[in-house]
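> With the sequence up front, the predicted model follows.
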Amino acid sequence: MISSFERVYGALIGQAVGDALGAPTEGLTRAQIIDRYGWVSDFVDDDPAGTDDTEYAVLTARILLDHDGQPTPAQVGDAWTDNLVNQVGGFYGGGFSEMTAINNLRAGLAPPVTGSDNHEMWSDGAAMRIAPVGILCAGDPVAAAELAAIEAQVSHAKDGIYCAQVIAAGVAAALTTDSWQDVVEAALAAAPADSWTGRTIRRAVDIGSANDDLPTALDELYARISIFHYPFADVGPEATALAMGVFVAARGEYVPAVLGGTNIGRDADTIAAMAGSMAGALHGSQAVPEQWRQRINVVRGHCIASTADTDLADLARTLHATLLARKASS
């Protein structure tokens with residue numbers, strides 16, 4: 001029996017570990033990963049750490065906690081102003097969509113314009129940080145998708161929001177089911193079927209379903225889903241589809257899911273983080289190898305200074321207590 005706390009912590013630490021595992025292979029091709037590493041099965045750095053993906057997820061969790069799990073777009077914008085616009089120093093590893101949103105806030109714009117007047121409104125930057133929304137909407141993927149749209153519009157619009165809704169719904173479903181198929185069904189339902197996001201994710205899920213061998217699935221996903229003509233690998237419909245395809249190819253199991261995201265290349269840290277959040281929620285924190293949990297549990301704050309020294313287990317306890325209180329009052 002997996003406890004509800006283990007699932008909450010599994011979503012958080014599962015995302016963070018996937019992020020750290022995938023960081024060294026971000027931007028690499030499948031061929032480059034094979035040539036350099038063969039198959040990445042563990043951290044390849046002596047001092048692994050999560051990236052902006054994990055730190056933005058921490059910020060999202062704090063915004064939710066500060067506003068009883070129901071922040072308004074204006075409150076999300078205010079929190080970004082406090083933590084990001086007013087940050088002293090640079091944003092190591094920060095994404096284009098987030099930096100544009102920060103500059104829009106600095107210029108006096110407010111959500112949703114900060115997200116819609118953004119040349120990377122369709123990036124994977126909202127989907128990478130959205131797991132805490134799924135946590136506080138455990139068992140209710142529809143509510144998770146609705147709340148994800150509110151949180152995401154500070155930096156995204158259209159397909160960038162759809163991608164966030166997919167991952168939030170997937171995490172929400174994973175927290176209360178034992179079936180990886182239920183997770184996929186909830187995630188697919190969160191994106192409009194005729195959208196760029198919806199179409200791409202369905203292709204990826206079909207590829208993952210058709211392949212029992214994980215490396216073979218990665219090769220086909222990489223070849224058929226990747227958008228090679230665009231100079232950056234952070235396109236939301238691509239990265240979210242690859243995460244879903246990897247999750248399906250791994251049949252929802254945690255270690256294969258994050259290693260699949262790591263070894264596929266492209267925006268590997270984000271792909272592994274998204275797949276890891278769903279698989280971690282599905283199987284709980286004990287599915288994440290202890291040596292991985294111990295090395296990644298404390299956040300560095302390299303990109304968002306205010307997240308430095310955050311203990312993810314402690315944050316999970318606070319989110320879990322808030323989740324239980326919300327359920328008791330509903």
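Cool, got the structure. Source: prediction; values computed, not measured. Residues are numbered from 1 along each chain as shown.

> Show me what the helix or strand residue 187 falls within is packed up against.
Using DSSP states H and E, residue 187 sits in helix 180-189. When contacts are defined as 3 or more C-beta pairs under 8 Å, 6 or more residues apart in numbering; DSSP states H and E, helix 180-189 packs onto helix 141-152, helix 159-174, helix 196-210, helix 236-249, helix 268-283. Every C-beta, even on glycine, is put in place using the N, C-alpha and C of the backbone.

> Spatially central residue in this structure, please.
For the chain, residue 128 is the residue whose C-alpha lies nearest the centre (C-alpha atoms, centre = their mean; 2.9 Å).

> Using the three-state scheme, assign that one.
The three-state label given to residue 128 by DSSP: H, G, I helix; E, B strand; the rest coil is helix.

> pretty sure it is touching residue 268, no?
No: Residue 128 lies out of contact with residue 268 (C-beta atoms under 8 Å); the separation is 11.8 Å.

> How much space separates residue 104 from residue 149?
18 Å (C-beta to C-beta, to the nearest Å).

> likewise residue 269?
Distance from residue 269 to residue 149, by C-beta to C-beta: 24 Å.

> Could you check which of those two is surrounded by more residues?
Counted by other C-beta atoms under 10 Å, residue 269 and residue 149 do not tie: residue 269 has more neighbours, with 28 against 21.

> Excluding chain neighbours, give the residue nearest to the more buried one in space.
Leaving aside its sequence neighbours, residue 269 sits nearest to residue 22 (C-beta to C-beta, 6 or more residues apart in numbering; 3.8 Å).

> Quick one: neighbours of that neighbour, just the number.
31.

> who's in contact with it?
258, 261-262, 268-273 (C-beta atoms under 8 Å, 6 or more residues apart in numbering).

> what's in contact with stretch 54-62?
If you take C-beta under 8 Å, 6+ apart as the criterion, stretch 54-62 is touched by 12, 15-16, 19-20, 79-80, 83-84, 98, 125, 128-133, 135, 151, 273, 299-304, 306-307, 310, 312, 315, 319.

> Now, those residues that are in helices?
Those of those mapping onto helices are 12, 15-16, 19-20, 79-80, 98, 131-133, 135, 151, 273, 312, 315, 319, per DSSP state H.

> Buried subset of those residues, written for ChimeraX?
Remark: buried members of those, expressed as a ChimeraX selection using 16 or more other C-beta atoms under 10 Å:
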select :12,15,16,19,20,79,80,98,131,132,133,135,151,273,312,315,319
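
> which regions of the stretch 51-200 of the chain sit below the pLDDT cut-off?
Along the stretch 51-200 of the chain, segments meeting pLDDT under 70 are nowhere present.

> 80 instead, please
Scanning the stretch 51-200 of the chain for pLDDT under 80 picks out the ranges 90.
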